[in-house]
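*Asks:* can't give you the sequence, but here's the structure:
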């Protein structure tokens, strides 16, 4: 009797009669119409071969040798803004690394700020205040109905139209807005910023780890044991980073930017190009995230709200303790798409003059003629960044699913 795919519990077709083992598995995977499939495969391989041969011939005619040897040659161009020091005599590989780090910097900051703003807007969209809800709805519709490139041009023109340093806006002590960029207080010693960031990450890790350990040991209550455990975690989260900074021996003195002549001296400067790119990406992504949060909150059954109100919880505590944890199962997968879109949209930085990976790739391709190689590097870099973002979000999604969410 012939066995069907349905009877074997598999979606793949069963192996043809008379075939078993490896041959049967290959035949089942390959499917029917073997001759047609082989012909299509041969046609594709021939087209790729002809295209590759033609490309290599054209490159040889122009004196271009295929390969990635150019990465070791001096780049001979400067990069206006970078996390690493870059000089014209540095290699193309170093220049591409600088461009990649600029892209990652924009993506990380953009995702973090857009998440905070988008969650706030999504909750405000469901507010009982009709004016607030209408304002958020208008913002979302405006952003979603206009191209991102147009929004970036708008923000670039806005930052370029700020007053000169002598007439700079001073919204906060030590913070100045002018057409030279945003002037911020900064550490006197450049190494202090890295050590301070490391101490902050250590404090967060210790706090989260301590909270998880308290829950596992059953000490998360409000009794004497819970209070003592909480104080011990807090003391460790403060003492360990402070000890790290003390052991580093780096001075943590901060200098405030001051007007000196026609520009500011001291502090740190955020360029107008980076500011326009970050604000544009955040404003655009926050509108999408706001709709995701709104949809996730509305997916929670109304009975959850009623049960929480019956317990006497306020609206804020209901949202924070009851609704949002359940809405995460809907929000997190869609947030992954928003983060990926923000990362890929950062490539529009080339349109407003920020030296991201695309800008550095374009300059390198124009100088070396290695267009195919540079494009391959760019595709690989964006693929690696997006896969890392996706893997991190999938890991978080599995973590919240393990906490009892269906």
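*Replies:* Okay, I see it. Worth saying up front: this structure is predicted, and the values here are computed from it rather than measured.
*Asks:* hey, let's count contacts and neighbours off CA atoms from now on
*Replies:* Will do.
*Asks:* Now do the helices in this protein.
*Replies:* If DSSP state H is used as the criterion, the helices of the chain fall at 21-30, 34-61, 92-125, 130-144, 148-160, 191-217, 224-248, 272-298, 302-310, 315-318, 324-345, 357-368, 371-401.
*Asks:* per-residue confidence for residue 45?
*Replies:* Confidence at residue 45, expressed as pLDDT, is 92.
*Asks:* Relative to residue 52, how far out is it?
*Replies:* Distance of residue 45 to residue 52, computed by Cα to Cα, to the nearest Å: 10 Å.
*Asks:* swap in residue 322?
*Replies:* Taking Cα to Cα, one finds residue 322 at 58 Å from residue 52.
*Asks:* more neighbours, the two?
*Replies:* residue 322 (17 against 12; other Cα atoms under 10 Å).
*Asks:* Report the contact partners of that one.
*Replies:* 304, 305, 308 (Cα atoms under 8 Å, 6 or more residues apart in numbering).
*Asks:* any idea which of these is closest to residue 203?
*Replies:* Set against residue 203, the nearest of the contacts of residue 322 by Cα to Cα is residue 308 (33.0 Å).
*Asks:* how much space between the spatially closest residue to residue 292 that is not a sequence neighbour and residue 281?
*Replies:* Computed as Cα to Cα, 6 or more residues apart in numbering, the closest residue to residue 292 that is not its neighbour in sequence is residue 331, at 6.0 Å. With distances taken as Cα to Cα, residue 331 is found 20 Å from residue 281.
*Asks:* Name the residue in these two with the higher neighbour count.
*Replies:* residue 281 (29 against 22).
*Asks:* isn't the more buried one right up against residue 108?
*Replies:* No - Residue 281 lies out of contact with residue 108 (Cα atoms under 8 Å); the separation is 11.3 Å.
*Asks:* if I look at the two, which residues touch both of them?
*Replies:* Joint contacts of residue 281 and residue 108 (Cα under 8 Å, 6+ apart) do not exist.
*Asks:* low-confidence ranges in the stretch 101-250 of the chain?
*Replies:* Residue ranges of the stretch 101-250 of the chain with pLDDT under 70: 190, 214-215, 217-227, 229-230, 233, 236-237, 245.
*Asks:* List the contacts of residue 126.
*Replies:* Contacts of residue 126 by Cα under 8 Å, 6+ apart are 133, 294.
*Asks:* make it 10 Å
*Replies:* 132, 133, 134, 136, 137, 293, 294, 295, 297, 298 (Cα atoms under 10 Å, 6 or more residues apart in numbering).
*Asks:* Show me which of the residues you listed is closest to residue 180.
*Replies:* Using Cα to Cα, those come closest to residue 180 at residue 136, 31.4 Å.
*Asks:* Any idea how many residues pack against the closest residue to that closest one other than its chain neighbours?
*Replies:* Nearest residue to residue 136 in three dimensions, chain neighbours excluded: residue 125, at 5.7 Å (Cα to Cα, 6+ apart). By other Cα under 10 Å, the residues close to residue 125 number 23.
*Asks:* need the contact list for residue 125.
*Replies:* 119, 131-137, 140, 290-291, 293-294.
*Asks:* separation between residue 147 and residue 353?
*Replies:* In terms of Cα to Cα, residue 147 sits 18 Å off from residue 353.
*Asks:* oh sorry, the question was meant for residue 270
*Replies:* With Cα to Cα as the criterion, residue 270 and residue 353 are 14 Å apart.
*Asks:* which residue sits closest to residue 394 in space, ignoring its chain neighbours?
*Replies:* Excluding the flanking residues, the one nearest residue 394 by Cα to Cα, 6+ apart is residue 333, at 7.8 Å.
*Asks:* Just to check, that neighbour is in contact with residue 389?
*Replies:* No - at 11.8 Å, residue 333 does not count as touching residue 389 under the criterion of Cα atoms under 10 Å.
*Asks:* List the beta-bridge partners for residue 265.
*Replies:* Counting by DSSP bridges, residue 265 is bridged to residue 258.
*Asks:* wouldn't it be in contact with residue 256 here?
*Replies:* Yes - between residue 265 and residue 256 there is a contact under Cα under 10 Å: 8.6 Å.
*Asks:* Could you tell me which residues touch both of the two?
*Replies:* residue 183.
*Asks:* between those two, who's got more neighbours?
*Replies:* For residue 265 versus residue 256, neighbours defined as other Cα under 10 Å are more numerous around residue 256 (18 against 15).
*Asks:* Tell me the spacing between that one and residue 389.
*Replies:* 35 Å.
*Asks:* ditto for residue 345
*Replies:* For residue 345 relative to residue 389 (Cα to Cα), the value is 14 Å.
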